[in-house]
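Undergrad: need a 3D model of the following:
(one chain, ligands or ions: 2)
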Amino acid sequence: MPAAAKSPPAEKPAAAPAPGVGLSAVQRALRKLGLLRDIDFALYLPMRYEDETRVVRLADVRDGETAQIEAVVTASEVAFRPRRQLIVNVDDGSDTCQLRFFNFYPSQQKQLEVGVRVRVRGELRGGFIGRTMMHPTVKAAGTQLPEALTPVYSTIAGLAQPVLRREVRAGLARAVLDETLPADAAPTGAWDLRRALNFLHYPAPDVSMATLEDHSHPAWQRLKADELLAQQLSQLQARRARAAQRAPVLDAAASGDSLHRELLAVLPFALTGAQQRVGVEIARDLARALPMHRLLQGDVGSGKTVVAALAAARCIDAGHQCALMAPTEILAAQHFGKLVGWLAPLLAERGLRVAWLTGSQKKKERDTMAAAVESGEAALVIGTHAVISEKVRFRNLALAIIDEQHRFGVAQRLALRGKAAGDLEPHLLMMSATPIPRTLAMSYYADLDVSTLDELPPGRTPIVTRLVAEHRRDEVIDRIQAQLAQGRQVYWVCPLIEESEAVDLRNATATRDELAEALGNGVGVGLLHSRMPTAEKQAVMESFTANRLQVLVSTTVIEVGVDVPNASLMVIEHAERFGLSQLHQLRGRVGRGAAASACVLLYAPNEGGRVGEAARARLKAMAETGDGFEIARRDLEIRGPGEFLGARQSGAPLLRFADLTTDVLLLGWARELAPRMLDRHPALAAAHVDRWLGSKAEYLKA
Ligand code: ADP
Ligand code: MG
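TA: Numbers count the residues shown, from 1 in each chain. Ligands and ions are numbered 1, 2, ... in the order given. Take a look at the predicted model:
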């Protein structure tokens, strides 16, 4: 653009250049690593260390050891055997060895001229050609030895280790590391941050390597304490920011609770103690002008849906609208079916109705529904993401319920919140069948109130879980037949074999055909697949619910929420490929009625005849426990919090240093300190959060 080129540089806006423009390759790489501010560099800790503090005698080095020696070059040649390589012989007086370089610069060759004394560091290997170091690092001999271990940082292409090391050292030197902990608040014996960071980047050579590796060293303790504190502070800030917001007061006592009472009366069962308790917790929240922000967690089958329905009834009793959003259309349809069955007749008496909103809907239907939502006639709105579409306007939304909340991102939760009238926020009830282990709840969800359904409805028999090797598949057919003979139904879940849905579909179709043949006439075998049109999916699901189909072969679309109490056997093919929580969710599709239920995990050893270690741990956990909390705990152990939470789920930055399984004491310390620090030392608290979370903290306030 010539016009732009002519304009003088001074006219260019100085601030906010387009991201990445005008940056050197190194700067871009540093950015990719999240290294922007000095403090980011300072907090970028080594993944391991090299010991360059000592020079040892070659004769004392055992084969396989990494060592630093100083030796004189006795021979140097470029040879072709068979590849071009630089071969250098060195002698340190105690022994000799050979250095080999496949890629080398002329400068390196010069550095290794015969007669020169060099300092060489590398792994010494034995072998028939004599002792060798492949691609050792070479420096001039006799220079001063470093006093500290040399840090090695995790890096990416385009950013050489020495460059990164230099940048980190410079950032560390520049970073402002003033104390942010109030004087009386540091854990006893804690190091100050500057000392801890300097040590972790450049540890003294006599340090116990084990304490650096397992992060038990006092320097690590200080960092982990700081990190956990930053997390607690930012969540507490978010919570307090929310305290300034207002929500509609949904007070049953004031507005009458007729719908709520009538719903209780039409339910075909009595509530469990846990359901009653949680109902009270929710009612208490709804009656306040503060927006509820509650996570309802309960194992699969614990009966979350009815708790949601009762909360919806309270909301409608108070004259407001309630929205219920589920991640998939099948699940939303199940909720719709259930809630319509319970509530629609009661709503109709009041001139109200339930609206249904999904992406696959015909425009005309959707418009009709949207109109009912806007007029307020639809007191209850159920659907998928379509519920938060911009076009949907509520008359007076007061309660938003999100099922399987971990399937939704932060943005979607925020969009729901923006749907209330005026300046008000809706109350938010999030439901999850993946229980969050206590330590995670305390850290990542510190700004949430958590209600737990820790009691299953009565009359459930525990699900027996069996691991069966793929080659014993025939036995599974026998099991299926036994269940069918008792009038029961069966799920068969096919694995995700390929990225390609087409291949999955082909595989699932083949399994359906195979089962239909094996089970013979008179047994209806249906197929459910995510590629099917919604109407067809629903038709299959309805047939299965009505027991017109006895066996349902499906890809993982039935993973969440599907509820057919007569199903008593779940077969999961290639179970070794599924995640632990996913397996547990799938298993939870059976054992919903009074019949004894079973889950068969078919697994196929890989070519080596083995199942991978993590897969084995998952299968073992499944076989050993049916308790969702124990499953979640093991899942966390196997995967670590990052993957466990999923980047989308939390919106909170993941902990880099602290480990919630081992740092419970530090977490307790941080939780205790955070409120006191916000009250008494707000400036320190702000500085601390900024140091650790920087721009990310803004996001958390949302
Ligand atoms: P989840 O917590 O997995 O969403 P659901 O809400 O789907 O569980 O409930 C599982 C099954 O248990 C459903 O068939 C539901 O109707 C039934 N149920 C829920 N609460 C009770 C109860 N208190 N007594 C008996 N059955 C119940
Ligand atoms: Mg559910």
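
Undergrad: what is the longest helix seen in the chain packed up against?
TA: Ranked by residue count, the top helix of the chain under DSSP state H comes out as helix 218-243. Contacts defined by 3 or more C-beta pairs under 8 Å, 6 or more residues apart in numbering; DSSP states H and E place helix 218-243 against helix 193-201, helix 438-443, helix 664-680, helix 682-693, helix 696-701. Backbone N, C-alpha and C define where each C-beta goes, glycine included.

Undergrad: mind putting those in JSON lines, mean pLDDT, mean neighbour count and distance to Asp214 included?
TA: Shown next, in JSON lines, are these (pLDDT from 0 to 100; neighbours: other C-beta atoms under 10 Å; distance: least, C-beta to C-beta, whole Å):
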{"stretch": "helix 193-201", "mean pLDDT": "95", "mean neighbour count": "20", "distance to Asp214": "14"}
{"stretch": "helix 438-443", "mean pLDDT": "67", "mean neighbour count": "19", "distance to Asp214": "18"}
{"stretch": "helix 664-680", "mean pLDDT": "92", "mean neighbour count": "17", "distance to Asp214": "14"}
{"stretch": "helix 682-693", "mean pLDDT": "92", "mean neighbour count": "18", "distance to Asp214": "22"}
{"stretch": "helix 696-701", "mean pLDDT": "44", "mean neighbour count": "15", "distance to Asp214": "27"}
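
Undergrad: between the ones you listed, which gets nearest to ligand 1?
TA: Nearest of these to ligand 1, taken as C-beta to the nearest ligand atom: helix 438-443 at 17.7 Å.

Undergrad: closest to Gln68 out of the helices and strands packed on helix 218-243?
TA: For the helices and strands packed on helix 218-243, proximity to Gln68 was assessed by C-beta to C-beta; helix 193-201 is nearest, at 19.7 Å.

Undergrad: starting at the chain centroid, how far to that closest one?
TA: 30 Å (C-alpha atoms, centre = their mean, to the nearest Å).

Undergrad: repeat for stretch 182-192
TA: Offset of stretch 182-192 from its chain centre (C-alpha atoms, centre = their mean): 32 Å.

Undergrad: what's the answer for stretch 168-181, then?
TA: 30 Å.

Undergrad: that one - what's its average pLDDT?
TA: Mean pLDDT, stretch 168-181: 94.

Undergrad: now do the end-to-end distance for that stretch.
TA: For stretch 168-181, the separation between the terminal residues is 24 Å (C-alpha to C-alpha, to the nearest Å).

Undergrad: name the surrounding residues that touch that stretch.
TA: Contact with stretch 168-181 is made by 35, 38-42, 44, 151, 153, 190, 192-194, 197-198, 201, 226, 229, 684-685, 687-688, 691, as judged by C-beta atoms under 8 Å, 6 or more residues apart in numbering.

Undergrad: any idea how far ligand 1 is from the nearest residue to Ile316 once chain neighbours are set aside?
TA: Nearest non-adjacent residue to Ile316, counting by C-beta to C-beta, 6 or more residues apart in numbering: Ala379, 4.5 Å away. From Ala379 across to ligand 1, the span is 21 Å (C-beta to the nearest ligand atom, to the nearest Å).

Undergrad: which other residues reach the helix or strand hosting Ala379?
TA: Here Ala379 sits within strand 378-383, counting by DSSP states H and E. Applying C-beta under 8 Å, 6+ apart, the contact partners of strand 378-383 are 312, 316, 321-326, 332, 335-336, 339, 343, 347, 350, 352-358, 369, 372-373, 387, 392, 394.

Undergrad: any of the residues you listed buried? List them.
TA: Neighbour-count burial within those applies to 312, 316, 321-326, 332, 335-336, 339, 343, 347, 352-358, 369, 372-373, 387, 392, 394; the criterion is 16 or more other C-beta atoms under 10 Å.

Undergrad: quick one on the thing from earlier: export the helices and strands packed on helix 218-243 to TSV and tack on distance to ligand 1?
TA: Listed next are these as TSV, based on distance: least, C-beta to the nearest ligand atom, whole Å:
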stretch	distance to ligand 1
helix 193-201	45
helix 438-443	18
helix 664-680	28
helix 682-693	34
helix 696-701	29
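
Undergrad: nearest to Ala617, of those?
TA: Evaluated over those, closeness to Ala617 peaks at helix 438-443, with 18.6 Å, by C-beta to C-beta.

Undergrad: next secondary structure element downstream of that closest one?
TA: Reading on from helix 438-443 to the C-terminus, the next helix or strand found by DSSP H and E is strand 449-453.

Undergrad: longest strand of this protein?
TA: Looking across the chain with DSSP state E, the single longest strand is strand 66-80.

Undergrad: show me where the stretch 451-600 of the chain has strands.
TA: Using DSSP state E, counting those that start in this stretch, the strands of the stretch 451-600 of the chain run over residues 464-469, 489-493, 525-528, 551-554, 567-572, 598-603.

Undergrad: now those strands as JSON lines including distance to Ala252?
TA: Listed next are these as JSON lines, based on distance: least, C-beta to C-beta, whole Å:
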{"stretch": "strand 464-469", "distance to Ala252": "42"}
{"stretch": "strand 489-493", "distance to Ala252": "39"}
{"stretch": "strand 525-528", "distance to Ala252": "40"}
{"stretch": "strand 551-554", "distance to Ala252": "40"}
{"stretch": "strand 567-572", "distance to Ala252": "36"}
{"stretch": "strand 598-603", "distance to Ala252": "40"}
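
Undergrad: tell me which of those lies nearest to Lys304.
TA: strand 567-572 (18.6 Å).

Undergrad: right, so of the strands of the stretch 451-600 of the chain, which gets closest to Glu262?
TA: Closest approach to Glu262 among these is made by strand 567-572 (30.3 Å; C-beta to C-beta).

Undergrad: now that closest one: average pLDDT?
TA: Regarding strand 567-572, the rounded mean pLDDT is 94.

Undergrad: what packs against that strand?
TA: In terms of contacts (3+ C-beta pairs under 8 Å, 6+ apart), strand 567-572 is packed against helix 473-485, strand 489-493, helix 580-587, strand 598-603.

Undergrad: that one vs strand 464-469, what angle?
TA: Here the directions of strand 567-572 and strand 464-469 differ by 30 degrees (axes from the mean of the first three to the mean of the last three C-alpha atoms, to 10 degrees).

Undergrad: can you tell me what sits against strand 567-572?
TA: Around strand 567-572, the neighbours that count as contacts under C-beta under 8 Å, 6+ apart are 463, 476, 479-480, 483, 486, 488-493, 495, 552, 578, 583, 586-587, 589-593, 595-602.

Undergrad: these, buried ones only, as a ChimeraX selection?
TA: In ChimeraX syntax, the buried subset of those is picked out as below (16+ other C-beta under 10 Å):
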select :463,476,479,480,483,488,489,490,491,492,493,495,552,578,583,586,587,589,590,591,592,593,595,596,597,598,599,600,601,602
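
Undergrad: what subset of the contacts of strand 567-572 is also close to ligand 1?
TA: Filtering the contacts of strand 567-572 for proximity to ligand 1 by C-beta under 6 Å from any ligand atom leaves Arg592.
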